[in-house]
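Participant: The amino acid sequence is not available; the structure is as follows:
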(Lines give C-alpha, C1' and ligand atoms only; values in the text may rest on other atoms or scores of the structure.)
Protein backbone atom coordinates (compact mmCIF):
# COMPACT_ATOMS: atom_id res chain seq x y z
CA UNK A 1 0.00 0.00 0.00
CA UNK A 2 2.79 2.42 0.95
CA UNK A 3 4.77 1.52 -2.16
CA UNK A 4 1.70 2.02 -4.36
CA UNK A 5 1.03 5.47 -2.93
CA UNK A 6 4.67 6.46 -3.25
CA UNK A 7 4.68 5.30 -6.87
CA UNK A 8 1.56 7.35 -7.61
CA UNK A 9 3.03 10.37 -5.82
CA UNK A 10 6.16 10.24 -7.99
CA UNK A 11 4.10 10.01 -11.17
CA UNK A 12 1.58 12.72 -10.32
CA UNK A 13 4.10 15.21 -8.90
CA UNK A 14 6.49 14.71 -11.84
CA UNK A 15 3.75 15.18 -14.45
CA UNK A 16 2.46 18.27 -12.65
CA UNK A 17 5.95 19.72 -12.47
CA UNK A 18 6.53 19.08 -16.20
CA UNK A 19 3.28 20.82 -17.14
CA UNK A 20 3.96 23.81 -14.87
CA UNK A 21 7.52 24.18 -16.20
CA UNK A 22 6.24 24.15 -19.77
CA UNK A 23 3.45 26.65 -19.07
CA UNK A 24 5.70 29.20 -17.34
CA UNK A 25 8.47 28.88 -19.91
CA UNK A 26 11.09 27.12 -17.78
CA UNK A 27 11.25 24.35 -20.38
CA UNK A 28 10.79 24.60 -24.13
CA UNK A 29 9.60 21.06 -24.87
CA UNK A 30 8.57 17.95 -22.98
CA UNK A 31 9.46 15.60 -25.81
CA UNK A 32 12.71 14.69 -24.08
CA UNK A 33 10.72 13.49 -21.06
CA UNK A 34 8.85 11.06 -23.28
CA UNK A 35 11.28 10.14 -26.07
CA UNK A 36 14.72 11.43 -25.11
CA UNK A 37 17.68 9.18 -24.43
CA UNK A 38 20.39 9.43 -21.80
CA UNK A 39 23.16 11.92 -22.68
CA UNK A 40 21.15 13.40 -25.59
CA UNK A 41 21.36 17.23 -25.82
CA UNK A 42 18.27 19.02 -24.51
CA UNK A 43 16.42 21.45 -26.78
CA UNK A 44 15.94 24.71 -24.86
CA UNK A 45 14.85 27.09 -27.60
CA UNK A 46 14.20 27.58 -31.33
CA UNK A 47 14.65 30.96 -33.07
CA UNK A 48 14.86 32.53 -36.48
CA UNK A 49 18.37 33.22 -37.70
CA UNK A 50 18.13 36.98 -37.17
CA UNK A 51 17.10 36.46 -33.52
CA UNK A 52 20.29 34.71 -32.41
CA UNK A 53 23.41 36.66 -31.28
CA UNK A 54 25.21 38.34 -34.17
CA UNK A 55 28.44 36.35 -33.78
CA UNK A 56 26.39 33.14 -34.02
CA UNK A 57 24.49 34.40 -37.07
CA UNK A 58 27.74 35.34 -38.79
CA UNK A 59 29.39 32.00 -38.07
CA UNK A 60 26.70 29.37 -38.32
CA UNK A 61 26.17 29.54 -42.11
CA UNK A 62 29.88 28.91 -42.70
CA UNK A 63 30.23 26.21 -40.04
CA UNK A 64 30.40 22.50 -40.97
CA UNK A 65 26.85 21.11 -41.16
CA UNK A 66 25.75 24.59 -40.09
CA UNK A 67 26.36 23.72 -36.49
CA UNK A 68 28.44 25.55 -33.89
CA UNK A 69 29.14 24.75 -30.25
CA UNK A 70 29.80 27.44 -27.67
CA UNK A 71 31.65 25.73 -24.82
CA UNK A 72 31.25 26.44 -21.13
CA UNK A 73 34.34 28.67 -21.05
CA UNK A 74 32.41 31.34 -23.00
CA UNK A 75 28.83 31.14 -21.74
CA UNK A 76 29.27 28.88 -18.68
CA UNK A 77 27.33 26.13 -20.48
CA UNK A 78 27.77 23.81 -23.44
CA UNK A 79 25.38 25.35 -25.97
CA UNK A 80 24.87 23.99 -29.47
CA UNK A 81 23.29 25.99 -32.32
CA UNK A 82 21.97 24.06 -35.35
CA UNK A 83 20.70 26.00 -38.36
CA UNK A 84 18.19 23.97 -40.36
CA UNK A 85 15.00 24.70 -42.31
CA UNK A 86 15.20 28.48 -41.72
CA UNK A 87 15.38 28.19 -37.94
CA UNK A 88 18.13 27.77 -35.37
CA UNK A 89 17.61 25.11 -32.72
CA UNK A 90 19.48 25.72 -29.49
CA UNK A 91 20.54 22.83 -27.24
CA UNK A 92 22.11 23.07 -23.79
CA UNK A 93 23.00 20.36 -21.30
CA UNK A 94 22.35 16.63 -21.62
CA UNK A 95 19.56 14.36 -20.50
CA UNK A 96 20.21 12.57 -17.21
CA UNK A 97 18.36 9.35 -18.08
CA UNK A 98 16.24 7.75 -20.80
CA UNK A 99 12.77 9.15 -21.35
CA UNK A 100 9.57 7.30 -20.51
CA UNK A 101 9.22 5.32 -23.75
CA UNK A 102 12.92 4.38 -24.15
CA UNK A 103 12.86 3.27 -20.51
CA UNK A 104 10.00 0.88 -21.28
CA UNK A 105 12.09 -0.61 -24.06
CA UNK A 106 15.39 -0.73 -22.20
CA UNK A 107 13.79 -2.27 -19.09
CA UNK A 108 12.99 -5.30 -21.24
CA UNK A 109 16.05 -5.46 -23.51
CA UNK A 110 18.80 -4.34 -21.13
CA UNK A 111 17.46 -5.52 -17.79
CA UNK A 112 14.79 -8.22 -17.89
CA UNK A 113 16.21 -10.38 -20.69
CA UNK A 114 19.69 -10.61 -19.06
CA UNK A 115 17.98 -11.16 -15.69
CA UNK A 116 15.88 -13.98 -17.15
CA UNK A 117 19.08 -15.60 -18.43
CA UNK A 118 20.69 -15.41 -14.97
CA UNK A 119 17.50 -16.68 -13.35
CA UNK A 120 17.28 -19.62 -15.76
CA UNK A 121 20.86 -20.73 -15.08
CA UNK A 122 20.94 -20.32 -11.31
CA UNK A 123 17.40 -21.63 -10.76
CA UNK A 124 18.51 -24.68 -12.73
CA UNK A 125 21.43 -25.14 -10.33
CA UNK A 126 19.15 -24.66 -7.32
CA UNK A 127 16.87 -27.41 -8.58
CA UNK A 128 19.90 -29.72 -8.54
CA UNK A 129 20.73 -28.63 -4.97
CA UNK A 130 17.18 -29.45 -3.90
CA UNK A 131 17.01 -32.93 -5.40
CA UNK A 132 20.55 -33.85 -4.38
CA UNK A 133 19.69 -32.93 -0.77
CA UNK A 134 22.43 -30.28 -0.43
CA UNK A 135 20.02 -27.45 0.35
CA UNK A 136 18.37 -29.53 3.08
CA UNK A 137 21.72 -30.26 4.75
CA UNK A 138 22.74 -26.59 4.57
CA UNK A 139 19.43 -25.61 6.17
CA UNK A 140 19.97 -28.08 9.01
CA UNK A 141 23.43 -26.69 9.76
CA UNK A 142 22.25 -23.06 9.85
CA UNK A 143 18.83 -23.58 11.44
CA UNK A 144 19.95 -22.83 15.04
CA UNK A 145 20.84 -19.26 14.03
CA UNK A 146 18.19 -18.65 11.40
CA UNK A 147 15.25 -19.73 13.57
CA UNK A 148 16.24 -16.93 15.96
CA UNK A 149 16.43 -14.31 13.23
CA UNK A 150 13.38 -15.71 11.43
CA UNK A 151 11.26 -17.23 14.24
CA UNK A 152 8.27 -17.82 11.93
CA UNK A 153 10.33 -20.03 9.59
CA UNK A 154 10.17 -23.75 10.48
CA UNK A 155 13.40 -25.46 11.49
CA UNK A 156 15.36 -26.90 8.53
CA UNK A 157 13.10 -25.12 6.03
CA UNK A 158 14.54 -24.92 2.49
CA UNK A 159 14.29 -21.11 2.47
CA UNK A 160 17.22 -21.01 4.94
CA UNK A 161 19.63 -22.40 2.35
CA UNK A 162 18.38 -19.96 -0.32
CA UNK A 163 18.76 -16.99 2.01
CA UNK A 164 22.25 -18.14 2.94
CA UNK A 165 23.29 -18.35 -0.71
CA UNK A 166 21.80 -14.91 -1.34
CA UNK A 167 23.67 -13.33 1.57
CA UNK A 168 26.89 -15.06 0.53
CA UNK A 169 26.55 -13.91 -3.09
CA UNK A 170 25.90 -10.32 -1.98
CA UNK A 171 28.82 -10.49 0.43
CA UNK A 172 31.13 -11.52 -2.40
CA UNK A 173 29.76 -9.03 -4.92
CA UNK A 174 28.11 -11.73 -7.07
CA UNK A 175 25.06 -9.71 -8.12
CA UNK A 176 24.14 -12.03 -10.98
CA UNK A 177 23.84 -14.94 -8.55
CA UNK A 178 22.41 -13.03 -5.59
CA UNK A 179 19.14 -12.09 -7.30
CA UNK A 180 18.16 -15.65 -8.37
CA UNK A 181 18.97 -16.99 -4.90
CA UNK A 182 17.01 -14.15 -3.32
CA UNK A 183 13.95 -14.65 -5.53
CA UNK A 184 13.99 -18.36 -4.73
CA UNK A 185 14.13 -17.49 -1.03
CA UNK A 186 11.11 -15.16 -1.35
CA UNK A 187 9.13 -17.82 -3.22
CA UNK A 188 10.00 -20.38 -0.58
CA UNK A 189 8.98 -18.01 2.23
CA UNK A 190 5.74 -17.28 0.38
CA UNK A 191 4.78 -20.94 0.65
CA UNK A 192 4.59 -20.61 4.45
CA UNK A 193 3.08 -17.11 4.39
CA UNK A 194 -0.47 -17.33 5.84
CA UNK A 195 -1.60 -14.15 4.04
CA UNK A 196 -0.42 -14.34 0.42
CA UNK A 197 -1.21 -10.66 -0.31
CA UNK A 198 0.71 -9.32 2.67
CA UNK A 199 4.45 -9.51 3.35
CA UNK A 200 5.28 -11.87 6.22
CA UNK A 201 7.67 -11.00 9.05
CA UNK A 202 10.29 -13.36 7.61
CA UNK A 203 10.05 -11.78 4.15
CA UNK A 204 10.43 -8.29 5.61
CA UNK A 205 13.47 -9.30 7.65
CA UNK A 206 15.06 -10.99 4.65
CA UNK A 207 14.38 -8.01 2.36
CA UNK A 208 15.83 -5.48 4.80
CA UNK A 209 18.96 -7.56 5.46
CA UNK A 210 19.41 -8.12 1.73
CA UNK A 211 18.98 -4.42 0.92
CA UNK A 212 21.55 -3.33 3.52
CA UNK A 213 24.13 -4.43 0.96
CA UNK A 214 26.79 -6.09 3.15
CA UNK A 215 29.69 -6.52 0.71
CA UNK A 216 33.26 -7.72 1.08
CA UNK A 217 34.46 -7.21 -2.48
CA UNK A 218 33.09 -4.15 -4.29
CA UNK A 219 34.47 -5.32 -7.63
CA UNK A 220 32.51 -2.88 -9.78
CA UNK A 221 33.45 0.12 -7.60
CA UNK A 222 37.11 -0.81 -7.80
CA UNK A 223 36.76 -1.05 -11.58
CA UNK A 224 35.18 2.40 -11.87
CA UNK A 225 37.88 3.90 -9.66
CA UNK A 226 40.64 2.23 -11.68
CA UNK A 227 39.10 3.64 -14.88
CA UNK A 228 39.12 7.09 -13.25
CA UNK A 229 42.88 6.74 -12.58
CA UNK A 230 42.64 6.42 -8.81
CA UNK A 231 46.04 6.02 -7.12
CA UNK A 232 44.75 3.02 -5.17
CA UNK A 233 41.38 1.86 -6.59
CA UNK A 234 40.82 -0.53 -3.68
CA UNK A 235 41.34 2.03 -0.90
CA UNK A 236 37.57 2.34 -0.36
CA UNK A 237 37.12 -1.39 0.36
CA UNK A 238 37.42 -1.14 4.13
CA UNK A 239 35.13 1.94 4.42
CA UNK A 240 32.58 0.16 2.19
CA UNK A 241 32.64 -2.95 4.38
CA UNK A 242 32.31 -0.94 7.60
CA UNK A 243 29.45 1.16 6.23
CA UNK A 244 27.50 -1.77 4.81
CA UNK A 245 28.07 -3.84 7.97
CA UNK A 246 26.67 -1.07 10.17
CA UNK A 247 23.74 -0.80 7.75
CA UNK A 248 23.13 -4.55 8.10
CA UNK A 249 23.22 -4.37 11.91
CA UNK A 250 20.86 -1.38 11.80
CA UNK A 251 18.43 -3.29 9.56
CA UNK A 252 18.53 -6.28 11.88
CA UNK A 253 17.94 -4.18 15.00
CA UNK A 254 15.15 -2.05 13.51
CA UNK A 255 13.21 -5.01 12.16
CA UNK A 256 14.11 -7.15 15.16
CA UNK A 257 12.64 -4.66 17.64
CA UNK A 258 9.53 -4.39 15.48
CA UNK A 259 9.14 -8.18 15.40
CA UNK A 260 10.19 -8.61 19.06
CA UNK A 261 13.11 -10.93 18.35
CA UNK A 262 15.10 -12.28 21.31
CA UNK A 263 18.51 -10.60 20.92
CA UNK A 264 19.91 -12.46 23.96
CA UNK A 265 19.80 -15.85 22.25
CA UNK A 266 23.15 -17.66 22.61
CA UNK A 267 23.04 -19.12 19.08
CA UNK A 268 22.28 -15.67 17.66
CA UNK A 269 25.18 -14.07 19.52
CA UNK A 270 27.55 -16.86 18.46
CA UNK A 271 26.43 -16.56 14.84
CA UNK A 272 26.99 -12.78 14.92
CA UNK A 273 30.43 -13.19 16.48
CA UNK A 274 31.41 -15.75 13.82
CA UNK A 275 30.32 -13.32 11.08
CA UNK A 276 32.27 -10.43 12.65
CA UNK A 277 35.34 -12.64 13.07
CA UNK A 278 35.18 -13.75 9.44
CA UNK A 279 34.93 -10.15 8.24
CA UNK A 280 37.77 -8.99 10.49
CA UNK A 281 39.94 -11.91 9.39
CA UNK A 282 39.38 -11.19 5.71
CA UNK A 283 40.01 -7.49 6.27
CA UNK A 284 43.29 -8.21 8.04
CA UNK A 285 44.38 -10.47 5.19
CA UNK A 286 43.44 -7.98 2.48
CA UNK A 287 44.97 -5.08 4.39
CA UNK A 288 48.45 -6.63 4.42
CA UNK A 289 48.49 -7.08 0.62
CA UNK A 290 50.15 -4.57 -1.67
CA UNK A 291 48.24 -2.80 -4.48
CA UNK A 292 48.78 -5.56 -7.05
CA UNK A 293 47.89 -8.21 -4.48
CA UNK A 294 44.66 -6.44 -3.57
CA UNK A 295 43.67 -6.07 -7.21
CA UNK A 296 44.45 -9.74 -7.87
CA UNK A 297 42.55 -10.88 -4.78
CA UNK A 298 39.45 -8.79 -5.44
CA UNK A 299 39.28 -9.67 -9.12
CA UNK A 300 39.61 -13.44 -8.63
CA UNK A 301 38.09 -14.46 -5.30
CA UNK A 302 34.44 -13.87 -6.25
CA UNK A 303 34.84 -15.54 -9.63
CA UNK A 304 36.60 -18.55 -8.10
CA UNK A 305 33.89 -18.98 -5.47
CA UNK A 306 31.15 -18.78 -8.09
CA UNK A 307 32.91 -21.37 -10.23
CA UNK A 308 33.36 -23.46 -7.07
CA UNK A 309 29.61 -23.33 -6.32
CA UNK A 310 28.79 -24.45 -9.86
CA UNK A 311 31.38 -27.24 -9.77
CA UNK A 312 30.25 -28.41 -6.32
CA UNK A 313 26.60 -28.53 -7.43
CA UNK A 314 27.34 -30.53 -10.58
CA UNK A 315 29.76 -32.96 -8.91
CA UNK A 316 27.38 -33.55 -6.00
CA UNK A 317 24.52 -34.13 -8.46
CA UNK A 318 26.63 -36.74 -10.24
CA UNK A 319 27.48 -38.45 -6.95
CA UNK A 320 23.82 -38.37 -5.83
CA UNK A 321 22.46 -39.41 -9.22
CA UNK A 322 20.49 -42.16 -7.53
CA UNK A 323 18.26 -39.54 -5.92
CA UNK A 324 17.42 -38.12 -9.34
CA UNK A 325 16.51 -41.60 -10.54
CA UNK A 326 14.24 -42.06 -7.50
CA UNK A 327 12.54 -38.77 -8.45
CA UNK A 328 11.93 -40.12 -12.00
CA UNK A 329 14.23 -37.56 -13.61
CA UNK A 330 17.85 -36.97 -14.61
CA UNK A 331 20.38 -34.33 -13.66
CA UNK A 332 20.01 -32.50 -16.96
CA UNK A 333 16.19 -32.68 -16.98
CA UNK A 334 16.13 -31.32 -13.44
CA UNK A 335 18.37 -28.45 -14.47
CA UNK A 336 16.06 -27.65 -17.40
CA UNK A 337 12.98 -27.80 -15.15
CA UNK A 338 14.57 -25.38 -12.69
CA UNK A 339 15.66 -23.08 -15.53
CA UNK A 340 12.10 -23.06 -16.85
CA UNK A 341 10.87 -21.90 -13.44
CA UNK A 342 13.46 -19.12 -13.53
CA UNK A 343 12.19 -17.92 -16.91
CA UNK A 344 8.61 -17.83 -15.60
CA UNK A 345 9.74 -15.80 -12.60
CA UNK A 346 11.47 -13.29 -14.88
CA UNK A 347 8.33 -12.84 -16.96
CA UNK A 348 6.28 -12.34 -13.79
CA UNK A 349 8.43 -9.53 -12.41
CA UNK A 350 8.78 -7.59 -15.69
CA UNK A 351 5.66 -5.38 -15.25
CA UNK A 352 6.68 -4.49 -11.68
CA UNK A 353 10.20 -3.52 -12.72
CA UNK A 354 9.06 -1.56 -15.78
CA UNK A 355 6.45 0.39 -13.79
CA UNK A 356 9.00 1.40 -11.16
CA UNK A 357 11.74 2.33 -13.65
CA UNK A 358 9.35 4.43 -15.75
CA UNK A 359 8.28 6.38 -12.65
CA UNK A 360 11.92 7.00 -11.72
CA UNK A 361 12.71 8.10 -15.29
CA UNK A 362 9.86 10.62 -15.24
CA UNK A 363 10.94 11.83 -11.80
CA UNK A 364 14.52 12.50 -12.96
CA UNK A 365 13.77 14.02 -16.36
CA UNK A 366 11.05 16.30 -15.04
CA UNK A 367 13.70 18.27 -13.16
CA UNK A 368 11.96 17.69 -9.83
CA UNK A 369 14.64 15.34 -8.52
CA UNK A 370 17.37 17.88 -9.28
CA UNK A 371 15.52 20.62 -7.40
CA UNK A 372 14.97 18.38 -4.37
CA UNK A 373 18.61 17.23 -4.33
CA UNK A 374 19.83 20.84 -4.64
CA UNK A 375 17.67 21.90 -1.71
CA UNK A 376 18.93 19.02 0.41
CA UNK A 377 22.52 19.91 -0.48
CA UNK A 378 21.75 23.56 0.41
CA UNK A 379 20.35 22.55 3.79
CA UNK A 380 23.38 20.38 4.55
CA UNK A 381 25.78 23.14 3.54
CA UNK A 382 24.02 25.57 5.91
CA UNK A 383 24.42 23.00 8.67
CA UNK A 384 28.18 23.29 8.29
CA UNK A 385 28.70 20.22 6.10
CA UNK A 386 31.66 20.76 3.77
CA UNK A 387 31.20 21.22 0.04
CA UNK A 388 33.20 18.04 -0.64
CA UNK A 389 30.46 16.07 1.12
CA UNK A 390 27.47 17.90 -0.38
CA UNK A 391 28.94 17.38 -3.86
CA UNK A 392 28.67 13.62 -3.29
CA UNK A 393 25.08 13.68 -2.00
CA UNK A 394 23.41 13.22 -5.44
CA UNK A 395 24.82 9.67 -5.51
CA UNK A 396 23.30 8.92 -2.09
CA UNK A 397 19.96 10.50 -3.00
CA UNK A 398 19.61 8.63 -6.29
CA UNK A 399 20.94 5.26 -5.07
CA UNK A 400 17.58 4.07 -3.62
CA UNK A 401 15.88 4.88 -6.92
CA UNK A 402 18.34 3.76 -9.58
CA UNK A 403 21.66 1.96 -9.49
CA UNK A 404 22.47 3.03 -13.05
CA UNK A 405 21.56 6.66 -12.33
CA UNK A 406 23.64 6.86 -9.17
CA UNK A 407 26.49 5.13 -11.01
CA UNK A 408 26.37 7.94 -13.58
CA UNK A 409 26.67 10.52 -10.79
CA UNK A 410 29.54 8.49 -9.27
CA UNK A 411 31.53 8.49 -12.50
CA UNK A 412 30.77 12.18 -13.05
CA UNK A 413 31.90 13.08 -9.53
CA UNK A 414 35.20 11.24 -9.99
CA UNK A 415 35.77 12.87 -13.37
CA UNK A 416 34.89 16.31 -12.00
CA UNK A 417 36.52 16.28 -8.57
CA UNK A 418 39.04 13.46 -8.96
CA UNK A 419 38.89 9.80 -7.95
CA UNK A 420 41.20 10.46 -4.98
CA UNK A 421 39.21 13.43 -3.66
CA UNK A 422 36.94 13.08 -0.63
CA UNK A 423 33.96 13.62 -2.96
CA UNK A 424 35.06 10.83 -5.31
CA UNK A 425 35.75 8.39 -2.48
CA UNK A 426 32.56 9.22 -0.58
CA UNK A 427 30.53 8.78 -3.76
CA UNK A 428 32.09 5.33 -4.15
CA UNK A 429 31.11 4.38 -0.59
CA UNK A 430 27.55 5.64 -1.15
CA UNK A 431 27.30 3.52 -4.30
CA UNK A 432 28.42 0.24 -2.73
CA UNK A 433 26.90 0.51 0.77
CA UNK A 434 23.21 0.06 -0.08
CA UNK A 435 20.82 -1.43 -2.62
CA UNK A 436 18.45 0.20 -5.11
CA UNK A 437 15.54 0.11 -2.68
CA UNK A 438 12.61 0.67 -5.04
CA UNK A 439 13.97 -1.67 -7.71
CA UNK A 440 14.59 -4.42 -5.14
CA UNK A 441 11.08 -4.10 -3.69
CA UNK A 442 9.54 -4.17 -7.17
CA UNK A 443 11.53 -7.27 -8.18
CA UNK A 444 11.25 -9.34 -5.01
CA UNK A 445 7.67 -8.65 -4.01
CA UNK A 446 6.59 -8.59 -7.66
CA UNK A 447 7.90 -12.13 -8.11
CA UNK A 448 5.42 -13.42 -5.54
CA UNK A 449 2.59 -10.92 -6.19
CA UNK A 450 2.63 -9.45 -2.67
CA UNK A 451 0.54 -6.27 -2.68
CA UNK A 452 0.97 -5.06 0.91
CA UNK A 453 4.65 -4.68 1.78
CA UNK A 454 3.77 -3.31 5.25
CA UNK A 455 6.70 -1.44 6.82
CA UNK A 456 9.35 -2.77 4.42
CA UNK A 457 9.79 0.43 2.40
CA UNK A 458 10.03 2.70 5.44
CA UNK A 459 12.59 0.44 7.10
CA UNK A 460 14.71 0.10 3.98
CA UNK A 461 14.76 3.87 3.46
CA UNK A 462 15.71 4.34 7.12
CA UNK A 463 18.57 1.87 6.67
CA UNK A 464 19.63 3.82 3.56
CA UNK A 465 19.77 6.95 5.72
CA UNK A 466 21.88 5.13 8.32
CA UNK A 467 24.28 4.06 5.56
CA UNK A 468 24.52 7.65 4.24
CA UNK A 469 25.31 9.09 7.68
CA UNK A 470 27.76 6.28 8.43
CA UNK A 471 29.48 6.71 5.05
CA UNK A 472 30.03 10.41 5.73
CA UNK A 473 31.63 9.73 9.12
CA UNK A 474 33.70 6.81 7.85
CA UNK A 475 34.95 8.68 4.76
CA UNK A 476 35.83 11.74 6.86
CA UNK A 477 37.70 9.49 9.30
CA UNK A 478 39.65 7.55 6.67
CA UNK A 479 40.31 10.26 4.11
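Facilitator: Ah, there it is. Because the structure is a prediction, the values reported are computed rather than measured.

Participant: mind listing the helices in the stretch 101-250 of the chain by residue range?
Facilitator: 113-132, 134-149, 159-171, 175-191, 201-211, 219-227, 237-259 (DSSP state H, counting those that start in this stretch).

Participant: nope, the stretch 301-450 of the chain is what I was after
Facilitator: 321-326, 331-365, 368-382, 387-390, 393-398, 403-417, 422-432, 437-447.

Participant: hey, least reliable of these by pLDDT?
Facilitator: Lowest mean pLDDT within those: helix 403-417, a mean of 77.

Participant: ok, now which ones touch residue 327?
Facilitator: Residues near residue 327 by CB atoms under 8 Å, 6 or more residues apart in numbering: 131, 334. Any C-beta I mention is one placed from the backbone N, CA and C, and that applies to glycine too.

Participant: Next one, pLDDT for it please.
Facilitator: 85.

Participant: ok, now how distant is it from residue 199?
Facilitator: 32 Å (CB to CB, to the nearest Å).

Participant: Same check on residue 146?
Facilitator: Distance from residue 146 to residue 199, by CB to CB: 18 Å.

Participant: before we move on, what about residue 377?
Facilitator: For residue 377, the distance to residue 199 - CB to CB - is 34 Å.

Participant: The two - which one has more neighbours?
Facilitator: residue 199 (26 against 19; other CB atoms under 10 Å).

Participant: Settle this for me: that one is touching residue 451, isn't it.
Facilitator: No. The pair residue 199 / residue 451 is not scored as a contact, 9.1 Å apart, by CB atoms under 8 Å.

Participant: quick one: contacts for residue 84?
Facilitator: Contacts of residue 84 (CB under 8 Å, 6+ apart): residue 66.

Participant: Tell me the backbone dihedrals of it, please.
Facilitator: phi -160, psi 140 (degrees, to the nearest 10).

Participant: who does it bridge with?
Facilitator: residue 87 (DSSP bridges).

Participant: the strands in the stretch 1-150 of the chain, which residues?
Facilitator: Using DSSP state E, counting those that start in this stretch, the strands of the stretch 1-150 of the chain run over 41-48, 67-70, 79-84, 87-94.

Participant: Any idea how many residues pack against the closest residue to residue 346 other than its chain neighbours?
Facilitator: What sits nearest to residue 346 in space, not counting adjacent residues and going by CB to CB, 6 or more residues apart in numbering, is residue 116, at 3.4 Å. Residues lying near residue 116 (other CB under 10 Å) number 20.

Participant: Tell me, what's the model's pLDDT at residue 116?
Facilitator: 86.

Participant: what's the spacing between it and residue 83?
Facilitator: Applying CB to CB, the value for residue 116 to residue 83 is 46 Å.

Participant: got CSV for the helices of the stretch 101-250 of the chain, with distance to residue 389 too?
Facilitator: Shown next, in CSV, are those (distance: least, CB to CB, whole Å):
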stretch, distance to residue 389
helix 113-132, 34
helix 134-149, 34
helix 159-171, 27
helix 175-191, 27
helix 201-211, 23
helix 219-227, 18
helix 237-259, 14
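
Participant: Out of those helices, which is closest to residue 20?
Facilitator: Of all the helices of the stretch 101-250 of the chain, helix 201-211 sits nearest to residue 20, with 33.8 Å by CB to CB.

Participant: Residue 468 touches residue 398, doesn't it?
Facilitator: No. Contact between residue 468 and residue 398 fails when scored by CB under 8 Å: they sit 11.7 Å apart.

Participant: Give me the more crowded residue out of those two.
Facilitator: Using other CB under 10 Å as the criterion, residue 468 and residue 398 rank with residue 398 on top: 27 against 23.

Participant: about what we covered before: what sits against the residue nearest to residue 346?
Facilitator: 342, 343, 346, 347.

Participant: Repeat that for residue 381.
Facilitator: So residue 381 contacts 387, 390 (CB under 8 Å, 6+ apart).

Participant: do residue 221 as well
Facilitator: Residue 221 touches 236, 240, 428, 431, 432, counting by CB under 8 Å, 6+ apart.

Participant: Make a markdown table from those and add distance to residue 58 and neighbour count to it.
Facilitator: A markdown table is the format used below for these (distance: CB to CB, whole Å; neighbours: other CB atoms under 10 Å):
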| residue | distance to residue 58 | neighbour count |
| --- | --- | --- |
| 236 | 50 | 30 |
| 240 | 54 | 26 |
| 428 | 47 | 31 |
| 431 | 46 | 28 |
| 432 | 51 | 28 |
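
Participant: Dump the residues you listed to TSV, plus distance to residue 259.
Facilitator: TSV is the format used below for the contacts of residue 221 (distance: CB to CB, whole Å):
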residue	distance to residue 259
236	33
240	28
428	33
431	30
432	28
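
Participant: which one among these gets closest to residue 110?
Facilitator: Of the contacts of residue 221, the one sitting nearest to residue 110 (CB to CB) turns out to be residue 431, at 19.1 Å.

Participant: The closest one and residue 406 touch, don't they?
Facilitator: Yes. Using CB under 8 Å, residue 431 is in contact with residue 406, at 5.9 Å.

Participant: Quickly list what's touching both of these two.
Facilitator: 395, 399.

Participant: low pLDDT regions in the stretch 51-200 of the chain?
Facilitator: Within the stretch 51-200 of the chain, the stretches with pLDDT under 70 are 71-77, 172-176.
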